[in-house]
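# Sequence and predicted structure below; questions after.
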Amino acid sequence: MPKQQANRSIFDFHGRPSVAKALPLSLQHVLAMIAGVITPPIIVAGVVGASVEERLLLIQIAVLASGVSTLFQLYGAWKFGARLPAIFGVGFAYVPTLVAVGGQYGLAGIFGAQLIGGICMMVVGYFIQYIRHLFPPVVAGTVVLVIGLSLYDIAVRYMAGSGNVEAPGFGEPLNWLVALVTLATVLVASQFGRGVVKLSAIIVGIVVGYALSLLLGMVSFAAVADAGWVAVPRFMPFTLEFHTSAIIAMVIICVINSVQTIGDLSATTVGGMNRELRTRELTGGLLGNGLTTTLSAFFGALPTATFSQNVGIVAMTRVISRFVLALAGGFMLLAGFSPKFGALVTTIPYPVLGGATVIVFGMITMTGIKLLIKDELSARNMTIVGLSLALSLGIAQVPEAIAQLPEWIQSMIGGAPIVVAAITAFTLNLVLPRVSLADEERERERMACAEGKSNRTTQDREGVTYSHRQEGSAGQASNS
């Protein structure tokens with residue numbers, strides 16, 4: 001009997017395409033996430049006043065932890081791991097809380113609180129099977145929608161030249177030229193390309209944008225020259241300290257991040273696999289993320305989370321092969337052990353990253369809308385979505401509005417619209433009465449009927465009154 005032909009489909013989770021076909025598809029995942037991985041440790045290092053050695057260590061271990069957590073989630077162990085085409089790594093959503101905790105208690109306070117936060121995340125993951133009904137499509141879809149909308153400013157900042165609006169040269173025409181050329185290349189490749197070119201539109205755009213940046217002298221290799229070839233992480237590079245206020249803030253953001261994970265994993269299955277997220281996958285994803293966050297605290301890596309931009313790539317390309325994403329995790333692992341490799345990846349200018357990812361963020365938004373319309377758009381559900389969007393994006397646009405609130409509240413929701421959206425949607429879904437579209441239609445018909453009867457009664461009464469008046473007038477005329 002002939003041997004069964006190997007599954008080489010890139011559109012099957014268990015498909016194993018050739019390395020030549022999988023490589024460009026993997027690299028676009030790496031390039032889409034790398035800036036998001038290294039930015040949190042850079043920001044935290046600046047807040048806590050870390051030395052140059054500590055700063056490089058935080059960056060290196062963040063890249064390494066991202067590779068490990070991605071591979072762990074792809075393949076899993078026992079009940080841990082989502083076993084879905086999702087990328088995990090050091091998450092940007094934690095930054096406001098990390099900055100608040102680090103400014104007061106330093107790195108030791110961050111990692112001590114992170115240890116407890118990761119454990120709480122695993123607790124949520126264990127019990128999610130019993131409370132998943134509290135996160136219907138209207139809640140998960142709202143979170144995904146806000147994730148996409150909240151990423152637009154990051155993409156635009158990157159297109160303008162930096163993640164920091166005060167950076168030198170921010171907004172210069174040259175930055176916009178590179179960003180728009182990159183974006184145009186992605187659009188052309190995705191809409192008019194065929195085969196691997198179409199599926200690798202992001203990497204094609206980045207290659208073109210990077211080449212243009214080289215010609216314009218926008219690329220610096222100084223960091224590559226200074227970086228070492230090999231560096232092995234060590235256990236407990238920083239001490240752990242436990243402070244009550246830091247732990248509370250970290251536990252809150254870890255639990256809230258679990259809601260974002262629900263949204264991202266739901267967007268992955270809906271956008272990339274055309275089905276709903278299964279409870280086993282959700283439980284494994286949350287348990288795995290909690291475990292990697294907990295263990296990361298012992299090695300100096302910041303908390304891990306799903307990467308929404310990579311969710312957008314999966315939804316855009318429909319490439320869900322585990323082998324493709326495993327290659328991306330392997331690259332991150334290699335970069336974590338070789339600082340020079342990681343430094344080379346970070347030479348990609350911000351305008352190139354912004355031009356390549358802005359369309360991806362748009363896909364995340366559309367995935368959120370796709371989730372929402374899976375549920376009926378009743379007045380109740382539209383109220384939940386509308387109010388969640390209004391409060392989350394409104395507070396994000398005017399952070400001064402919460403400046404008088406306690407610091408722990410500011411650190412939790414300041415600059416993090418996902419937190420406000422998740423809390424609002426979750427609460428309203430519990431509080432507001434469930435009324436289906438059919439019930440609403442019947443209620444409108446009942447009210448219309450009642451209003452019609454009322455109008456007819458009024459008309460009848462007016463008719464009777466008019467009749468009496470006519471009779472009275474006729475009688476007076478006869479007497480006269």
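That came in fine, so what should we check first? None of these values were measured; they are calculated from a predicted model.
# Need the nearest residue in space to Gly161, chain neighbours excluded.
Asn175 (3.9 Å; C-beta to C-beta, 6 or more residues apart in numbering). The C-beta positions use only the backbone N, C-alpha and C, and glycine is treated the same way.
# and the one you found, what is it in contact with?
Residues in contact with Asn175, defined by C-beta atoms under 8 Å, 6 or more residues apart in numbering, are Met159, Ala160, Gly161, Gly169, Pro349, Tyr350, Pro351.
# Going by neighbour count, which of these comes out on top?
Greatest neighbour count in the contacts of Asn175, by other C-beta atoms under 10 Å, goes to Pro351: 28 neighbours.
# Settle this for me: that one is touching Val178, isn't it.
Yes - here Pro351 lies in contact with Val178, judged by C-beta atoms under 8 Å, at a distance of 4.2 Å.
# Now do the shared contacts for these two.
With C-beta under 8 Å, 6+ apart as the test, Pro351 and Val178 both reach Gly209, Ser213, Met218.
# what's near enough to touch Val319?
Val319 neighbours (C-beta under 8 Å, 6+ apart): Ile10, Phe11, Leu25, Pro85, Leu199, Gly272, Ile313.
# Make sure I have this right: it is in a helix.
No - counting by DSSP: H, G, I helix; E, B strand; the rest coil, Val319 is not part of a helix but coil.
# Spatially nearest residue to it, not counting backbone neighbours?
Ile10 (4.8 Å).
# and the one you found, what does it touch?
By C-beta under 8 Å, 6+ apart, the neighbours of Ile10 are Pro17, Lys21, Ala22, Leu25, Leu199, Val319, Ile320, Ser321, Val324.
# Who wins on neighbours among the contacts of Val319?
That'd be Ile313 among the contacts of Val319, by other C-beta under 10 Å, with 31 neighbours.
# what about that one, distance to Gln28?
6 Å (C-beta to C-beta, to the nearest Å).
# same thing with Gly362?
Distance, Gly362 to Gln28, using C-beta to C-beta: 16 Å.
# So between these two, which is more surrounded?
When neighbours are counted by other C-beta under 10 Å, Gly362 and Gln28 differ, and Gln28 comes out ahead with 28 against 17.
# Might you report the residue contacts of the more buried one?
Ser200, Ala201, Ile202, Ile203, Ile206, Ile313, Ala356.
# looking at the protein, which helix or strand is least sure?
Lowest by mean pLDDT, DSSP states H and E among the helices and strands of the chain is helix 437-479, with a mean of 63.
# Not counting sequence-adjacent ones, nearest residue to Lys276?
Rather than Lys, residue 276 is Glu. Nearest to Glu276 is Thr269, by C-beta to C-beta, 6+ apart, at 6.4 Å.
# Where does that neighbour sit: helix, strand or coil?
helix.
# residues contacting it?
Counted by C-beta under 8 Å, 6+ apart, Thr269 has contacts Leu84, Arg275, Glu276, Leu277, Arg278, Glu281.
# Not counting its neighbours along the chain, what's nearest the fifth one?
Yep, that's Arg278 we're talking about. Thr269 (7.8 Å).
# coming back round to it: now the common contact residues for Ile313 and Gln28.
Joint contacts of Ile313 and Gln28 (C-beta under 8 Å, 6+ apart) are Ile202.
# related to what we said a few turns ago, so how far is Ile59 from the residue nearest to Val319?
Ile10 is 31 Å from Ile59, by C-beta to C-beta.
# Leaving aside the residues adjacent along the chain, what's closest to the residue nearest to the spatial centre of the chain?
The centre of the chain sits closest to Ser308, judged by C-alpha atoms, centre = their mean, with a distance of 3.7 Å. Nearest residue to Ser308, sequence neighbours excluded (C-beta to C-beta, 6+ apart): Ile147, at 4.9 Å.
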